[in-house]
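**Student:** Predicted coordinates and the sequence they were generated for:
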Amino acid sequence: MRYSNTMTLGTSTVLVAAGAILRYAVSYEGNGFDIRMIGTILMIAGVAGAILSFILMASSRNDVAAQGGSNTTVVEAERVD
């Protein structure tokens, strides 16, 4: 099974950035919720997602190496005169 890490890493980056904005740049005081805590939770979720993405990326590379090759296929053309 092939796994694409591009979206996972991008999503993790967005979560960390949004969490940092909520944690450090927003000074809104709401009733019943703490916007800074939500920012902290988003940053933790983003970092956890990035770590999981790196683990999955490493395991998929190990799977390819265990199969004895890479994910590149070389095709040789036959010349016809």
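**Tutor:** Here it is on my side, so go on.

**Student:** check which helix or strand covers Ala48.
**Tutor:** Assigned by DSSP states H and E, Ala48 falls within helix 35-66.

**Student:** and if you look at Leu15?
**Tutor:** Counting by DSSP H and E, the element that carries Leu15 is helix 6-24.

**Student:** report the angle between the axes of that helix and helix 35-66?
**Tutor:** 160 degrees (axes from the mean of the first three to the mean of the last three CA atoms, to 10 degrees).

**Student:** Which elements pack onto helix 6-24?
**Tutor:** For helix 6-24, the packing partners by 3 or more CB pairs under 8 Å, 6 or more residues apart in numbering; DSSP states H and E come out as helix 35-66. For every residue, glycine as well, the C-beta is placed using N, CA and C.

**Student:** What residues sit buried inside the helix it packs on?
**Tutor:** Using 16 or more other CB atoms under 10 Å as the test for burial, helix 35-66 gives Arg36, Ile38, Gly39, Leu42, Met43, Gly46, Gly49, Ala50, Ser53, Ser60.

**Student:** Could you do stretch 11-26 as well?
**Tutor:** For stretch 11-26, a neighbour-count test (16+ other CB under 10 Å) marks Ser12, Leu15, Val16, Gly19, Leu22, Arg23 as buried.

**Student:** Name the nearest of the buried residues of helix 35-66 relative to Glu29.
**Tutor:** When these are compared for distance to Glu29 (CB to CB), Arg36 wins out at 9.9 Å.
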